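# This is a predicted model, with the sequence first.
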Amino acid sequence: MKKMKQSSSRIRKLFQGSLTLVMAVALLCCTSLTALAAADSPSLDWSMNGQSSITVELEDNDGNTITDGTLTLYQVALLEQDNGDMVYTFSEAFANCGLSLDDVSTESSSLASALSAYVTANSISGTSIKNTNGTVVFDGLELGLYLVVQTTQSDGYYTMNPFVVSVPYDENGAWAYAVNASPKVGVLTPEPEEETPTTTTTTKTTTITTTTTLPQTGQLNWPIPVLAICGLLLIGLGCLMVYSDRRKAAVR
């Protein structure tokens, strides 16, 4: 009986020691994950907040410079740091738009079209600059996500499709704070004259050559098997304790 008690006591101490070890390993893994997230986060230069820019160069499909029309810039979201992660937070003007910024890409026009419709429906004001030489520069910008809309059509061209652009912009693995965009605008084709006036609907053609990559953090995988092994060890020790207690009860 005395030997059984001693054996049960040793098992309990072993279980408690193993539990302490697992908790220590879990704490170490969590600390490592946090450190890795901070280390792998893109090295953003926060001093560029308020000093960044977006330059839009308007050309037609043949590469000819377009020197007419007005472009308007809207600040959709701010880029902020949240526990080591870089996240977009809607600006006050777009806080109630109900859209998602989980998948932002200038190659997809759905988000830009939805934001543009929200601007029109809610009469949101932006920064407008007239295009006089084919190049429009919006400077003094905060880090974040922006919507570019052509609010005045260029003479002889279709209206440029709206697009979104991120500041900073991932350019060959480095963050660019002076972002350039070169949308291609289709030439307006005159409609043939008809004796009876009719209303026609034309299709706008615009392509955007920029892409947007959001800041993301790394992912740590090695703690998963370590924690799994520790968990199996605890389960085995627990089963051993239960078996020992049952034998002890049977002897009594």
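Now that the structure is in, tell me what you want to look at. If you're wondering where the values come from, they're calculated on a predicted model, not measured in any experiment. Numbers count the residues shown, from 1 in each chain.

# And the helices in the stretch 101-250 of the chain?
109-122, 223-251 (DSSP state H, counting those that start in this stretch).

# mean pLDDT lowest for which of these?
Ranked by mean pLDDT, those end with helix 223-251 at the bottom, a mean of 71.

# I'd guessed Ser113 sits against Val164; true?
No. When contacts are counted by Cβ atoms under 8 Å, Ser113 is not listed as touching Val164 (10.0 Å). C-beta coordinates here come from the backbone N, C-alpha and C atoms, glycine included.

# more crowded one of these two?
It is Val164, of Ser113 and Val164, that has more neighbours when counted by other Cβ atoms under 10 Å, with 24 against 13.

# State the pLDDT value of the more buried one.
Confidence at Val164, expressed as pLDDT, is 94.

# Likewise for Ser18?
For Ser18, the model assigns a pLDDT of 56.

# And the longest strand along the chain, what does it pack against?
In the chain, taking DSSP state E as the definition, the longest strand is strand 70-82. Other elements packing on strand 70-82 under the criterion 3 or more Cβ pairs under 8 Å, 6 or more residues apart in numbering; DSSP states H and E are strand 85-90, helix 109-122, strand 127-130, strand 135-141, strand 144-152, strand 163-167.

# for it, which positions count as buried?
By neighbour count on 16 or more other Cβ atoms under 10 Å, the buried set for strand 70-82 is 71-79.

# next one: stretch 130-142
Buried residues in stretch 130-142, counting neighbours by 16+ other Cβ under 10 Å, are found at 131, 136, 138, 141.

# same thing with stretch 45-52?
48-49, 52.

# what about it, start to end distance?
By Cα to Cα, to the nearest Å, the extent of stretch 45-52 from end to end equals 10 Å.

# so where is the stretch 1-150 of the chain shaky, pLDDT-wise?
Applying pLDDT under 70 to the stretch 1-150 of the chain picks out residues 1-42, 105-108.

# ok so, going back, most tightly packed of the helices and strands packed on strand 70-82?
A comparison of these by mean neighbour count, using mean count of other Cβ atoms under 10 Å, puts strand 163-167 on top with a mean of 25.

# Pairing partners for it, with directions?
Applying DSSP bridges, strand 163-167 is found paired with strand 144-152 (antiparallel).

# Quick one: residues in contact with the strand it pairs with.
With contact meaning Cβ atoms under 8 Å, 6 or more residues apart in numbering, strand 144-152 is reached by 54, 56, 69-79, 88, 91, 101, 104, 112, 115-116, 119, 126, 128, 130, 138, 159-160, 162-167, 181, 212.

# For the residue lying closest to Gln153 once chain neighbours are set aside, give its distance to Ala95.
Sequence neighbours aside, Thr159 is the residue nearest to Gln153 in space, at 4.7 Å (criterion: Cβ to Cβ, 6 or more residues apart in numbering). According to Cβ to Cβ, to the nearest Å, Thr159 and Ala95 sit 27 Å apart.

# if we can go back for a sec, I'd like the helices and strands packed on strand 70-82 laid out as CSV, including distance to Leu227.
Converted to CSV, the helices and strands packed on strand 70-82 look like this (distance: least, Cβ to Cβ, whole Å):
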stretch, distance to Leu227
strand 85-90, 22
helix 109-122, 38
strand 127-130, 51
strand 135-141, 44
strand 144-152, 37
strand 163-167, 36
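
# Figure out which of those is closest to Asp62.
Set against Asp62 and scored by Cβ to Cβ, the helices and strands packed on strand 70-82 come closest in strand 135-141, at 17.7 Å.

# Just the angle for the closest one relative to strand 144-152, thanks.
Angle, strand 135-141 to strand 144-152, by axes from the mean of the first three to the mean of the last three Cα atoms, to 10 degrees: 140 degrees.

# partners of strand 135-141, with directions?
strand 52-57 (antiparallel).

# for the partner strand, which positions count as buried?
Buried residues in strand 52-57 (16+ other Cβ under 10 Å): 52, 54, 56-57.

# Show me which of those is closest to Leu232.
Closest to Leu232, out of all of the buried residues of strand 52-57 and judged by Cβ to Cβ, is Ser52, at 51.1 Å.
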